[in-house]
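In: build me a model:
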Amino acid sequence: MGEQMFSWGHQKRYNDLSSYFRSRFGGRIQKISVDAGFTCPNRDGTKGRGGCSYCNNRSFSPSYCGIEGNVWAQVTEGIQFFARKYHAMRYLAFFQSYTNTYAPVDILRKRFTEALMVEGVIGLVIATRPDCIQEEVLDYLSELNSSCFVLLELGIESHRDETLESVNRGHTFADSEKAIRIASERGLMTCAHLILGLPGETRDDWMDQTAIISRLPVNIIKLHQLQIHRDTKMEAVYRKNPGDFNLFSMDNYIEILIDYIERLRPSIIIDRFVSQAPPELIIAPAWDIKNFEFVAKVEKRLAERGTWQGRLWSG
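Out: Modelled structure (predicted):
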């Protein structure tokens, strides 16, 4: 499995984020989610209102993330939660909710500095939209990157402009390509967030996507299956016309995932395979499985199929 032997020498059949972190930092790293009180140009009227049709921020925000709580308090509480489970751990403050570069640089500096002041925090993961990466923001993040770890997580979601328009993203794939390239030119690591199963897309589309993403200077990808969450525009569409959605069974999604990563550039690190949300927010599909259990199923199936990340990558 020559293409499967990655730079830090582990024996997994895909390039996993935990192994990368252990190699780079010499120990376990945990992300601590933060809600810094930002908004989104797709909600405040700059690009649109109501946000993306599938988005409910409550589906991925832990209970300690409240706008009323300051950044320092949220990170500290998050660390206390994980420190009870694991010892000798270091942390990345994950600015996850909404668009975390959509503010003046002085506000960004204040929020990010507050997180970095917490003992044990060694860097930042900053989730944002590809159309919200301005030059002055890049200047600041490049400066920050010289003194701590910085990862820019970009909500790309799809490579098809028709899909992006249908789910009300408010940007194009050209915006995503540009953001990835200019961030890479500044020496910033990037993570591409992608959703498999969006309405109107097919297996052929996702296989095409692997080649497109692999050609870009992306360092990490985060893959999620489509879920229908409560209190979203997509929930209303789904309830009216459920036949328009081809939601994955767990087994079917695992097969698609493996087909996908077989074609993915071997050096791309995979952060996640699956989306999780509180059960009370999920309309469908409700798999009732924890992330580590799902990862074990993927690894078992990779072994059964005798395959690995990049096996069918064309280079």
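In: contacting residues for the closest residue to residue 246 other than its chain neighbours?
Out: Counting by CB to CB, 6 or more residues apart in numbering, residue 197 is the residue found nearest to residue 246 once chain neighbours are left out, at 7.2 Å. Using the backbone N, CA and C atoms, a C-beta is placed for each residue, glycine as well. Listed by CB atoms under 8 Å, 6 or more residues apart in numbering, the contact partners of residue 197 are 225-226, 246-248, 253.
In: export the residues you listed as a markdown table, with columns for secondary structure.
Out: Formatted as a markdown table, the entries for these read as follows, by DSSP: H, G, I helix; E, B strand; the rest coil:
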| residue | secondary structure |
| --- | --- |
| 225 | strand |
| 226 | coil |
| 246 | coil |
| 247 | coil |
| 248 | coil |
| 253 | helix |
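In: sort these by pLDDT and name the bottom one.
Out: Checked by pLDDT, the contacts of residue 197 have residue 246 as the lowest-scoring entry (85).
In: list phi and psi for the residue of the chain most remote from its centre.
Out: In the chain, counting by CA atoms, centre = their mean, residue 240 sits farthest out from the average C-alpha position, at 29.0 Å. With angles defined as degrees, to the nearest 10, residue 240 shows backbone torsions of phi -80, psi -40.
In: give the contact list for it.
Out: The contact partners of residue 240, taken as CB under 8 Å, 6+ apart, number zero.
In: can you pull the pLDDT of residue 1?
Out: Looking at residue 1, its pLDDT is 43.
In: and if you look at residue 65?
Out: Checking the pLDDT column for residue 65, the value is 52.
In: ditto for residue 150
Out: 98.
In: and the helices in the stretch 51-200 of the chain?
Out: With helices called from DSSP state H, counting those that start in this stretch, the stretch 51-200 of the chain shows them at 71-83, 105-116, 135-145, 161-166, 173-185.
In: closest to residue 206 out of the ones you listed?
Out: Residue 206 lies closest, by CB to CB, to one member of those: helix 161-166, at 11.1 Å.
In: ok, and what's touching the closest one?
Out: Contacts with helix 161-166, where a contact means CB under 8 Å, 6+ apart, come from 53, 157-158, 171-173, 198-201.
In: any of these buried? List them.
Out: The neighbour count (16 or more other CB atoms under 10 Å) marks 53, 157-158, 171, 173, 198-199, 201 as buried among the contacts of helix 161-166.
In: can you redo those residues as CSV, where the extra columns are pLDDT and distance to residue 284?
Out: Output for those, formatted as CSV (pLDDT from 0 to 100; distance: CB to CB, whole Å):
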residue, pLDDT, distance to residue 284
53, 78, 15
157, 96, 19
158, 96, 20
171, 91, 27
173, 97, 27
198, 94, 14
199, 93, 13
201, 94, 17
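In: figure out how far stretch 236-255 is from the centre of its chain.
Out: For stretch 236-255, the distance from its own C-alpha centre to the chain's C-alpha centre is 21 Å (CA atoms, centre = their mean, to the nearest Å).
In: what do you get for stretch 161-170?
Out: Put simply, stretch 161-170 sits 18 Å off its chain's centre (CA atoms, centre = their mean).
In: now the end-to-end length of that stretch.
Out: 10 Å (CA to CA, to the nearest Å).
In: now it: buried residues?
Out: So stretch 161-170, judged by 16+ other CB under 10 Å, has buried residues 163-164, 166-170.
In: tabulate those in CSV, adding columns for pLDDT and distance to residue 143.
Out: Shown next, in CSV, are the buried residues of stretch 161-170 (pLDDT from 0 to 100; distance: CB to CB, whole Å):
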residue, pLDDT, distance to residue 143
163, 94, 35
164, 93, 31
166, 90, 38
167, 90, 34
168, 85, 34
169, 88, 29
170, 87, 29
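In: return the member of these nearest to residue 209.
Out: Minimum separation from residue 209 among the buried residues of stretch 161-170 (CB to CB) is found for residue 163, which lies at 10.4 Å.
In: distance of the closest residue to residue 267 other than its chain neighbours relative to residue 98?
Out: In this structure, residue 267 finds its nearest non-sequential neighbour in residue 15, 6.8 Å apart by CB to CB, 6+ apart. Distance check for residue 15 against residue 98: by CB to CB, to the nearest Å, it reads 29 Å.
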